[in-house]
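Asks: sequence and predicted model, in that order:
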Amino acid sequence: MAKKIRMATAAAAMVPLALLAAACGSSGGGSSSGSSSSPSAAASSSSNGVSLTETGSTLVFPLFGAWQTAYNTDVTDVTITGSGTGSGTGIADAATGTVTMGASDAYLSSSDISQYPGLINIPVAVASLMVNYNVPGIKKPLNFDGKTLAGIYTGKIKMWNDPAIKAQNPGQNLPALKITTLHRAESSGSTFLFTSYLNAQDPADWPVTAVGTTVSWPSGAAAQAETGSGGMVTGCQSIKGCIAYIGISYLSKTQDAGLGEAALANKAGKFTQPTSDAISAALASFGTIPASGSQSLINTSDPKGYPIINYEYMIVKKQQASAGVADALKAFLKWTITDGADPKFLDAVGFEPLPDSVATVSQNLISSISS
Amino acid sequence: MATSAPAAGPGGGAGNPLLRRPGGTRSRFRFSGFIRWAGLGGAIIPLLLLAFILIVLLIEAIPAIKFNGLTFFTGSTWTFGAQYGQPIDSGGIVHQPGESFGALPQIVGTLESSAIALIIGIPVSVGAALMIVERLPKRLAHTLGLFLEMLAGVPSVVIGLFGALTFGPFLAHHITPWIASHAPDVPVLSFFRGDPGQGQGLLTSGLILAIMIIPIVASTTRDLIRGVPILPREGAIALGMSDFECARRVTLPWISTGIVGASVLGLGRALGETIAVAMVAGGNLSQIPSNIYQSMDTIAANIVQNLDAAITNPLGTRTYAELALVLLIITLAANILARLMVRRVSGTALPVGRGL
């Protein structure tokens, strides 16, 4: 009994502590919101004060963060908030109306459209996907084609000094190190781009059924699942012998982590890295973009082109709830492909602006949004 | 609701002046009627909720059940098919080409990881409980008990993070390579041979689950041991039994029913644990682990990680409803099985579920 009472007093003693901690936390938040409350209050009183929300692609997220800061500074009556959750969540949340915009590296699939006919995908920038690795002692970029990568991800190629890898990398001193493949745990546009490349280069080993934002990974490989592009970087950094696919916007982070960046074979069989020129060359090799904005930019035939590039999409509902939201959304999306396409935003993440013809298609898609 | 009970209740009493008490009678009876109805409602609502969940899941899952058939339990490929292909309409059910939902790897993964958690968690918990009650000085035991209860309150996402960032890599770098190369090649133990992986997989999931069930099982067992009467134990000690013999022959048999019950509580937690397992399982939807280190997935982890993809797939939400139904049935079956075991173990001498 005495023990019970003692325990009760101990618990009672901890309650004020917890309350104190909570109070400190909230007072900290309160003071910071207090300082910023006057402009935001002014904004909401001066006009409609629309709030636009975004979730989705972690590849876009660094860019969206910069956009969000700039736009919220310039346009005070619209509040933009974003978060990086993976393209699958972006599409799903835009479809269900949880958010205004879903960012995705993948255009809407026929399956998405059959489920949610009201969705449109608007290209806003051109991005690319790297293949990175953590192999000690490799100075020059390693070369891979889709067949070798498919072999690695199916588990047929298990060691870094496998003859298949050696054949494409003469003169490289590949160690006898086990390969660990990293893949995304959640539904991801990067996964879609990477598996699209494997399928385009090696349809026999990587069937079209294994292409998508969520993939049933073959069970042979020593595999790890990571959450988000950031998770891929830190995961690969901590595992010697790993291989991973990571969006170009994480280039500086992969370099800080000491990861190598592969040169990938295009359809012409030439190994290229995602430089600005290689991306532009690849982009030029694909025909005119359809009016829907959905176009795959995988496996270019241009010998100088990089084989895994893509349009970054904003997924929105064509029919918005109110005229206020629709107008704010249209204004913001238009800003992303004009002022937002400035090199000061895009260069930091390694993206390229849309070519004029694609920007026109995007403009048309943006104009089609109504309330 | 409240009016019908007083009408029937005090009807008899009202006529007899001896039974009527001055003032408050009606309100007293009305109150008791209210309590009765509220109690009845309280008793029925959980039952209705369970039935409601089962029925809604079943209705939602019907197209998936038709499409998947028995492959759902025998197949080991879980794929959304060609997401960029044209949807196919076969017999009124729209699906993507190449779509296949075989949940066997996840069912096996759920059961295996929970089994590892129980195999490790129960002995540790019972040992800890015995130690706390019978061996340690009161003050230390009290502190330890407090920590045990605090461990039970650690959010699972924190434990998952610990598993993914610290515990899993530590195992893979320092412990499992040695075990993997030294385990003898005999049945059962050969499951410990092979590629030790990188710290995500069946073993890490099982151990993380063990960490999560130990506080539940241990604190329940501790309370059970405290409830063992002193007389039989004094008798055992008077007969010259050692502490260990006393625990083995008197204390543990006395509370065996309760331990089964406590283990079921732990099992329930392990079967349904989602986020911590999702963080350390390795997320391999179609792999039945061939050694204890391989990446896998559980039903709950699959649901939380791939619901996004399911929402935009014509058959996705249907199939996940079916998967949820399977998890629900496994959990219910485990509970029912445990109840039967408790009844068998306890026989007639001990009340069922003593101490719980």
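Replies: Yep, that arrived.

Asks: mind jotting down where the strands sit in chain A?
Replies: Using DSSP state E, the strands of chain A run over residues A:50-56, A:78-84, A:101-104, A:119-133, A:143-144, A:180-184, A:223-226, A:242-247, A:260-261, A:263-265, A:271-272, A:309-317.

Asks: what about residue 105, how many residues nearby?
Replies: This is for chain A. 28 (other C-beta atoms under 10 Å in any protein chain shown). Glycine gets a C-beta too; all of them are placed from N, C-alpha and C.

Asks: meant chain B, my bad for not saying
Replies: Neighbours of B:P105 (other C-beta under 10 Å): 24.

Asks: swap in the one 5 residues further on?
Replies: When counting by other C-beta under 10 Å, one arrives at 28 neighbours for B:T110.

Asks: and the residue nearest the centre of chain B?
Replies: B:G268 (1.1 Å; C-alpha atoms, centre = their mean).

Asks: contacting residues for residue 171?
Replies: As the question left the chain open, I've gone with chain A. If a contact means C-beta atoms under 8 Å, 6 or more residues apart in numbering or on different chains, then A:G171 has no contacts.

Asks: to clarify, I was referring to chain B.
Replies: With C-beta under 8 Å, 6+ apart, B:L171 has these contacts: B:G199, B:L203, B:T204, B:L207.

Asks: these two touch, right, the third one and B:T166?
Replies: So the one you mean is B:T204. No: with contact defined as C-beta atoms under 8 Å, B:T204 does not reach B:T166; the gap is 10.8 Å.

Asks: and these two? Which one has more around it.
Replies: The neighbour count for B:T204 versus B:T166, taken as other C-beta under 10 Å, is higher for B:T204 (31 against 11).

Asks: next one, pLDDT for the more buried one please.
Replies: According to the prediction, B:T204 has pLDDT 94.

Asks: what segments of the stretch 101-250 of chain B are helices?
Replies: Taking DSSP state H, counting those that start in this stretch, the helices of the stretch 101-250 of chain B run over residues B:104-130, B:138-152, B:156-162, B:168-170, B:176-182, B:202-226, B:230-238, B:243-246.

Asks: can you tell me which helices and strands the third one packs against?
Replies: Pointing back at helix B:156-162 there. On a contact count with 3 or more C-beta pairs under 8 Å, 6 or more residues apart in numbering or on different chains; DSSP states H and E, helix B:156-162 meets helix B:202-226, helix B:275-280.

Asks: between those, which gets nearest to B:S295?
Replies: For those, the distance to B:S295 is smallest for helix B:202-226, at 7.9 Å, taking C-beta to C-beta.

Asks: so does the closest one get close to chain A?
Replies: No: on the criterion C-beta under 8 Å from any C-beta of the partner chain, helix B:202-226 is out of touch with chain A, staying 10.5 Å away.

Asks: and B:W178, how far from chain A?
Replies: 16 Å (C-beta to the nearest C-beta, to the nearest Å).

Asks: then B:L118?
Replies: Taking C-beta to the nearest C-beta, one finds B:L118 at 25 Å from chain A.

Asks: any idea of the pLDDT on that residue?
Replies: On the pLDDT scale, B:L118 gets 96.

Asks: what of A:S37?
Replies: On the pLDDT scale, A:S37 gets 34.

Asks: tabulate the CA atom coordinates of stretch A:217-236 in PDB.
Replies: The C-alpha coordinates for stretch A:217-236 follow below in PDB (Å, rounded to 0.1, in the frame of the first residue of the first chain):
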ATOM      1  CA  TRP A 217      11.000  -6.500 -55.700                       C
ATOM      2  CA  PRO A 218      12.600  -9.800 -56.800                       C
ATOM      3  CA  SER A 219      13.600 -11.800 -53.700                       C
ATOM      4  CA  GLY A 220      17.100 -12.900 -54.800                       C
ATOM      5  CA  ALA A 221      19.000  -9.700 -54.000                       C
ATOM      6  CA  ALA A 222      20.300  -8.600 -50.600                       C
ATOM      7  CA  ALA A 223      17.900  -5.700 -50.400                       C
ATOM      8  CA  GLN A 224      17.100  -2.900 -48.000                       C
ATOM      9  CA  ALA A 225      14.100  -0.600 -48.100                       C
ATOM     10  CA  GLU A 226      14.500   3.100 -47.400                       C
ATOM     11  CA  THR A 227      12.000   5.900 -46.900                       C
ATOM     12  CA  GLY A 228      12.400   9.000 -49.100                       C
ATOM     13  CA  SER A 229      15.200  10.200 -51.200                       C
ATOM     14  CA  GLY A 230      17.000  11.300 -48.100                       C
ATOM     15  CA  GLY A 231      16.700   7.900 -46.600                       C
ATOM     16  CA  MET A 232      18.300   6.400 -49.700                       C
ATOM     17  CA  VAL A 233      21.300   8.800 -49.200                       C
ATOM     18  CA  THR A 234      21.900   8.000 -45.600                       C
ATOM     19  CA  GLY A 235      21.200   4.300 -46.100                       C
ATOM     20  CA  CYS A 236      23.700   4.100 -48.900                       C
END
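
Asks: list the buried residues in it.
Replies: A:217-219, A:221-233, A:235-236 (16 or more other C-beta atoms under 10 Å in any protein chain shown).

Asks: same thing with stretch A:188-208?
Replies: A:188-202, A:205-206, A:208.

Asks: can you narrow those down to the ones near chain B?
Replies: A:F192, A:V208.

Asks: now the stretch 1-150 of chain B against chain A: closest residue?
Replies: Of the residues in the stretch 1-150 of chain B, the one nearest chain A is B:G98, at a distance of 3.1 Å by C-beta to the nearest C-beta.

Asks: Three-state assignment for that residue, please.
Replies: coil (DSSP: H, G, I helix; E, B strand; the rest coil).

Asks: could you find the closest non-adjacent residue to A:A244?
Replies: Excluding the flanking residues, the one nearest A:A244 by C-beta to C-beta, 6 or more residues apart in numbering or on different chains is A:L182, at 3.9 Å.

Asks: these two touch, right, the one you found and A:Q237?
Replies: No: with contacts counted by C-beta under 8 Å, A:L182 stays clear of A:Q237, the gap being 10.7 Å.

Asks: out of the two, which sits in the busier spot?
Replies: The neighbour comparison of A:L182 against A:Q237 (other C-beta under 10 Å) goes to A:L182, with 25 against 18.

Asks: what about that one, distance to B:G127?
Replies: 38 Å (C-beta to C-beta, to the nearest Å).

Asks: same check on B:F162?
Replies: On the measure of C-beta to C-beta, B:F162 and B:G127 end up 22 Å apart.

Asks: cool, and A:Q115?
Replies: 53 Å.

Asks: with B:Y320 instead?
Replies: For B:Y320, the distance to B:G127 - C-beta to C-beta - is 39 Å.

Asks: the two: which is more packed in?
Replies: B:Y320 (24 against 13).

Asks: which residue is the nearest non-sequential neighbour of the most centrally placed residue in chain A?
Replies: Closest to where the C-alpha atoms of chain A average out (C-alpha atoms, centre = their mean) is A:L59, at 2.3 Å. Nearest residue to A:L59 in three dimensions, chain neighbours excluded: A:G247, at 3.1 Å (C-beta to C-beta, 6+ apart).
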